[in-house]
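[1] Next comes the sequence, and after it the predicted model I'd like to discuss.
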Amino acid sequence: MAKAIHMMIRVLDEERSVAFYEAAFGLAVAERLAFDGFTLVYLRNGAADFEVELTVNHGREEPYALGDGYGHIAFAVDDLEAEHARFTAAGLAPNPIRDFHREGALLARFFFVQDPDGYRIEVLQKHGRYR
């Protein structure tokens, strides 16, 4: 059986991105590997061993084109309203909370936020299949 271990995004500013993911999701640097031309920064928290891998290409000054193929990564939280308020207070500019229904039943409650490079992140209330 395969196990998901990380997702990777390219970022312009390592310090800015690490600060965002720490403030938003409590992710801390698990490992930082510097190479000629690029640095890999692995972020995680105690809730799971799945990691967000930041790739910083040295010398890159132009923002990355996100294209129309990237969707989002999602994080599940215990208290969506409290997290939304915390994000707002931290200046992370979350979108409004939305309810998503299917066949008359609540499927999901969520909001989206963008990281400093424009990657969309969904924050979901733990409920149903979203645990």
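    That came through, no problem. Numbers count the residues shown, from 1 in each chain.
[2] got the contact list for residue 44?
    Going by CB atoms under 8 Å, 6 or more residues apart in numbering, residue 44 touches 27-28, 30, 50-52. Quick note: C-beta positions are derived from backbone N, CA and C, even for glycine.
[3] Nearest to residue 84 among those residues?
    Lowest distance from residue 84 to these (CB to CB) belongs to residue 27, with 18.3 Å.
[4] Surely that closest one and residue 21 touch.
    Yes - using CB atoms under 8 Å, residue 27 makes contact with residue 21 at a distance of 4.3 Å.
[5] who touches both of the two?
    Shared contacts of residue 27 and residue 21 (CB under 8 Å, 6+ apart): 43, 52.
[6] where along the protein do the strands fall?
    Counting by DSSP state E, the chain has strands at residues 6-10, 28-35, 38-45, 48-57, 73-77, 98-102, 105-114, 120-125.
[7] Redo those strands as CSV? Include distance to residue 89 and mean pLDDT.
    Shown next, in CSV, are those (distance: least, CB to CB, whole Å; pLDDT from 0 to 100):
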stretch, distance to residue 89, mean pLDDT
strand 6-10, 25, 95
strand 28-35, 20, 96
strand 38-45, 20, 96
strand 48-57, 23, 94
strand 73-77, 15, 94
strand 98-102, 20, 93
strand 105-114, 13, 94
strand 120-125, 15, 95
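[8] Which of those has the highest mean neighbour count?
    Scoring the strands of the chain by mean neighbour count under mean count of other CB atoms under 10 Å gives strand 120-125 as the most buried, with a mean of 19.
[9] For that strand, name the packing helices and strands.
    Strand 120-125 makes packing contacts with strand 73-77, helix 80-89, strand 105-114 when contacts are defined by 3 or more CB pairs under 8 Å, 6 or more residues apart in numbering; DSSP states H and E.
[10] in the second one, what counts as buried?
    Within helix 80-89, the residues scored as buried using 16 or more other CB atoms under 10 Å are 80, 83-84, 87.
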